[in-house]
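How does the following fold in three dimensions:
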Amino acid sequence: MNNAGGAWDNAKKIIEDEPTDIKNNTGKGSERHIAGVVGDMVGDPFKDTAGPSLNPLIKVVNLVALIVAPVVVTYKELNFTTWSVILILLGILTWAVIRSKADVPELLEE
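As a prediction, the model looks like this:
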């Protein structure tokens, strides 16, 4: 997303730097320039928000993988106790997600 947004922004700049010639569809005011402006409008959110926000997500996924990998290797064979703990933790996670989506009465009154 970073690269796509930057490419659209740079494409508009390159079109603006060309000499204006409506006959050859170059420069400011041409159809290429109008398309470049639209691309720039789409590209700005890509390069400014969506792209950079993916960097922390990638770091978190890598960190979780590094933490979980030794656990997976250590507990290759799952017995009844391990399955019980897994099911209890999944139940707690499910309860937390359902609870987080519940309405808050104090907020509904306002």
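
Count the residues that sit near G27.
Using other C-beta atoms under 10 Å, G27 is surrounded by 16 other residues. Heads up, the C-betas are built off the backbone N, CA and C, glycines and all.

right, and it touches I34 too?
No - G27 is not in contact with I34 according to C-beta atoms under 8 Å; the separation is 11.5 Å.

In this structure, spot the helix with the most residues.
helix 51-74 (DSSP state H).

Next, give phi and psi for T26.
phi -130, psi 160 (degrees, to the nearest 10).

neighbours around D9, how many?
19.

element containing E77?
Using DSSP states H and E, E77 is not contained in any helix or strand.

quick one: G36 from V61, how far?
35 Å (C-beta to C-beta, to the nearest Å).

Give me the more crowded residue out of those two.
Set side by side, G36 and V61 show more neighbours around G36, with 22 against 10, by other C-beta under 10 Å.

Quick one: residues contacting the closest residue to D48 other than its chain neighbours.
Nearest residue to D48, sequence neighbours excluded (C-beta to C-beta, 6 or more residues apart in numbering): G5, at 7.2 Å. Contact partners of G5, counting by C-beta atoms under 8 Å, 6 or more residues apart in numbering, are 42-48, 50-51.

mind running it again at 7 Å?
43-44, 46-47, 51 (C-beta atoms under 7 Å, 6 or more residues apart in numbering).

same thing with D44?
If you count contacts by C-beta under 7 Å, 6+ apart, then D44 has 5, 9 around it.

So, low pLDDT: which residues of this structure?
Applying pLDDT under 70 to the chain picks out residues 22-23, 51, 109-110.

those helices in the protein, which residues are they?
Using DSSP H, helices in the chain cover 2-17, 31-45, 51-74, 80-100, 105-109.

can you pull the contacts of G43?
G43 touches 4-5, 8-9, counting by C-beta under 7 Å, 6+ apart.
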